[in-house]
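**Student:** Here is a sequence together with a model predicted from it:
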Amino acid sequence: MVDAPTGEAFRPTDEGEVQDIVRWAVSERAPLEVVGHGSKRAIGRPLEAPQRLNLSGLVGVTLYEPEELVLTARAGTPLTEIETLLAENNQELQFEPMDYRPLLGCPDAGRGTIGAVLATNLSGPRRLKSGAARDHILGIRAVTGRGDIIKSGGRVVKNVTGYDLSRGLAGSWGTLAVFTEVTFKVLPRAETSATLVISGLNDAEAAEAMAVAMGSDAEVSSAAHLPESVRGRFLDGGLPRGAATVLRLEGFAPSVDYRAEKLAGMLPGPCARLDDETSRTLWREIRDVAPFCDGGERPVWRVSVAPSVGHQLVAALRLRAGVDAYYDWQGGLVWLRMEAEAEAPLIRGAIAALGGGHATLVRADRQTRQTVPVFQPEDAALAALTGRLKTQFDPQKILNPGRMNEGEMLGSGIDIQSRESDP
C-alpha cells in the first residue's frame, strides 16, 4: 500500500515500488509526471500532474557482458555512468544519444537516464548508419498505466518472439508505460575517426556532395552541412572559412586513411581533414546543437524530411521569415531557429508542400508550448491508432497526461514517428 507523497515526489528504488505507486495513482485517479534527471522536462506540453514519479533512485547496472555486447541497467541509471563503463571496455552506445541540456538551458540537471534514452528514442549524427535507440534495444521491463508489469525481449541479440514491445514503446515519452529496466546492444568504439571538410558550398551543392559521399563505398558514418551563418560557432570558429560540409569516417586507422583519400577524390574542391580528437569534438557539437545553445529563448525546431529536400525547406522558409539553420543526417535533419509570427503553421505547411516530414518544437517558452502542437500533428487514421494504444496501456491517462499532442501518445517503434525516425 502506498501513501501519497509528503515531499516533492515519489522516488522508488525498485520495480515493485514503481508498480505500487502507479496502482495507487490509478486508484486515486492522480496523474503522474514521470521524470529521471529532468533534463528533457522542457520538451513537450507543460504538465499539470499533481504528483511526480522520480526514477532517479532506480539505479544500477544489473548485467554487463562485454564479450556478448550486452548491457542491462535499471531505468534511472545515469547515462554518464553507462558511457563511462562502456568506455573502460572500449565500447559505446553507437547511436550516440544527444544531450539536450545545453540547448534547454539546464546545465545543472543530470545528462539523463538510460530509461529516458529509450523513452525519447534518442540518437545522434551516426543515425544514418547505426539507427536510434529503438534499433539497439534488446529487452525491457516496464509498468503500464494500468499498474501491470510487462516484459519484452531479452538479453541476447536474437530474441524477438511475437510483438516487439521494446521497440513499440520507444519514443512514447513516458505516456504508455514506465520503464524499470532496459537491455541494450553495445558495440566496439571505433579505433579512430577523421572528418573531411569541404568549404564554400551553398546548401544545394552541399546536399549533392553529401549524397555522393553517402552513396559511395567510403562507408561515411555521418554527413552534415554547416552554412556560413553558423560555421563559426563550431570548434570555437576553428573550421575553414566559409560554409562547411563535413563527412565523418570511422574505423581502423589504415582503413580511415585509405577511405578518406579515395573519398576526397570524388568531392568538389579541395578538402581539409580534421584529426580524431577534433573530429569527435565537432560531431559532439553537431549532435548537441551548439550554434543555438547561446542562452537565448528563440524557439528551436527539429525538422525531419527527405535528405534531398532539406535545403529546399530552408529556402522556402527564408522567403517568409528570418531563419538560422544547419543540416545533419545528410540534410534530412534540419535544426531551425526562426523569427516569425505563427511559425508552426509556416514550418508544417512547408513540410507538407515538400512531401511530408516531422517537425518538433524542441525549445520554446511555457506559453508557446501550451498553445502550439509541439509534436507533429497526426492524421485521423494515425490518431485513432494512437488512441487505441493509449486505451490499452493507460486508459485513465495517468502517465504524463497531455505531454504530447491531442492524441497524448506517439510510439516511434510502431512507425507512428517513422517520418521523424527514418527520413
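**Tutor:** That came through, no problem. Note that the structure is predicted; figures quoted are calculated from it, not measured.
**Student:** just for the stretch 301-423 of the chain, where's the confidence low?
**Tutor:** Residues of the stretch 301-423 of the chain that meet the criterion pLDDT under 70 lie in 340-342, 405-423.
**Student:** Strands of that one, start to end?
**Tutor:** Using DSSP state E, counting those that start in this stretch, the strands of the stretch 301-423 of the chain run over 322-328, 333-339, 358-363.
**Student:** Tell me which other helices or strands the second one touches.
**Tutor:** The elements that strand 333-339 packs onto, with contact taken as 3 or more CB pairs under 8 Å, 6 or more residues apart in numbering; DSSP states H and E, are strand 300-304, helix 310-318, strand 322-328. All C-beta atoms are positioned from the backbone trio N, CA, C, and that covers glycine.
**Student:** How far does that strand sit from its chain's centre?
**Tutor:** From the chain centre to the centre of strand 333-339 is a distance of 16 Å (CA atoms, centre = their mean, to the nearest Å).
**Student:** re the thing from before, which among the helices and strands packed on strand 333-339 is found nearest to residue 401?
**Tutor:** Each of the helices and strands packed on strand 333-339 was checked against residue 401 via CB to CB, and the shortest separation belongs to strand 300-304, namely 23.2 Å.
**Student:** can you give me the angle that closest one makes with strand 358-363?
**Tutor:** Relative orientation of strand 300-304 and strand 358-363, computed by axes from the mean of the first three to the mean of the last three CA atoms, to 10 degrees: 160 degrees.
**Student:** got the buried residues for strand 300-304?
**Tutor:** By 16 or more other CB atoms under 10 Å, the buried positions in strand 300-304 come out as 300-304.
**Student:** again, but for stretch 130-150
**Tutor:** Applying a neighbour-count criterion of 16+ other CB under 10 Å, one finds 130-147 buried in stretch 130-150.
**Student:** for stretch 229-236, same thing?
**Tutor:** 230-231, 233-235.
**Student:** got the helices and strands packed on strand 333-339 as CSV, with distance to residue 400 columns?
**Tutor:** Listed next are those as CSV, based on distance: least, CB to CB, whole Å:
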stretch, distance to residue 400
strand 300-304, 19
helix 310-318, 30
strand 322-328, 27
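**Student:** closest to residue 368 out of those?
**Tutor:** If you check each of the helices and strands packed on strand 333-339 against residue 368 by CB to CB, strand 300-304 wins as the nearest, at 11.3 Å.
**Student:** list the helices and strands the closest one packs on?
**Tutor:** With contacts taken as 3+ CB pairs under 8 Å, 6+ apart, strand 300-304 sits against strand 333-339, helix 343-353, strand 358-363, helix 418-421.
**Student:** tilt between it and helix 310-318?
**Tutor:** With the same axes, to 10 degrees defining the directions, strand 300-304 sits at 140 degrees from helix 310-318.
**Student:** can I have strand 300-304 written out in PDB, keeping just the CAs?
**Tutor:** C-alpha atoms of strand 300-304 as PDB (Å, rounded to 0.1, in the frame of the first residue of the first chain):
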ATOM      1  CA  VAL A 300      14.200  26.000 -31.900                       C
ATOM      2  CA  TRP A 301      12.700  23.300 -34.200                       C
ATOM      3  CA  ARG A 302      13.900  19.900 -35.100                       C
ATOM      4  CA  VAL A 303      12.700  19.000 -38.500                       C
ATOM      5  CA  SER A 304      13.000  15.700 -40.300                       C
END
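**Student:** residues in contact with that strand?
**Tutor:** The set of residues that contact strand 300-304 without belonging to it, under CB atoms under 8 Å, 6 or more residues apart in numbering, is 103, 289, 292, 310, 313, 329, 332-338, 343, 347, 351, 357-364, 419-421, 423.
**Student:** what angle separates it from strand 333-339?
**Tutor:** 150 degrees.
**Student:** List the neighbouring strands of strand 300-304 plus their orientation.
**Tutor:** Within its sheet, and counting by DSSP bridges, strand 300-304 is paired with strand 333-339 (antiparallel), strand 358-363 (antiparallel).
**Student:** Can you tell me the SS state at residue 95?
**Tutor:** Of the three states, residue 95 takes coil according to DSSP: H, G, I helix; E, B strand; the rest coil.
**Student:** so what's the residue nearest to residue 69 when sequence neighbours are not counted scoring on pLDDT?
**Tutor:** Of all residues not flanking residue 69 in the chain, residue 186 sits nearest, at 5.3 Å (CB to CB, 6 or more residues apart in numbering). What the model reports for residue 186 is a pLDDT of 98.
**Student:** May I have the phi/psi pair for residue 186?
**Tutor:** Note on residue 186: backbone dihedrals following degrees, to the nearest 10 are phi -120, psi 160.
**Student:** hang on, isn't residue 226 packed against residue 240?
**Tutor:** No: distance between residue 226 and residue 240: 10.8 Å, which falls outside the contact criterion (CB atoms under 8 Å).
**Student:** Next, the buried residues of stretch 30-46.
**Tutor:** Burial within stretch 30-46, assessed by neighbour count using 16+ other CB under 10 Å, is assigned to 31-45.
**Student:** any idea how far it is from the chain center?
**Tutor:** Centre-to-centre, stretch 30-46 and its host chain are 16 Å apart (CA atoms, centre = their mean).
**Student:** can you tell me the distance between the two ends of it?
**Tutor:** Using CA to CA, to the nearest Å, the end-to-end distance of stretch 30-46 comes to 17 Å.
**Student:** Let me see the mean pLDDT of it.
**Tutor:** With pLDDT averaged residue by residue, stretch 30-46 scores 92.
**Student:** what residue ranges in the stretch 151-300 of the chain score low on pLDDT?
**Tutor:** Applying pLDDT under 70 to the stretch 151-300 of the chain flags residues 155-163.
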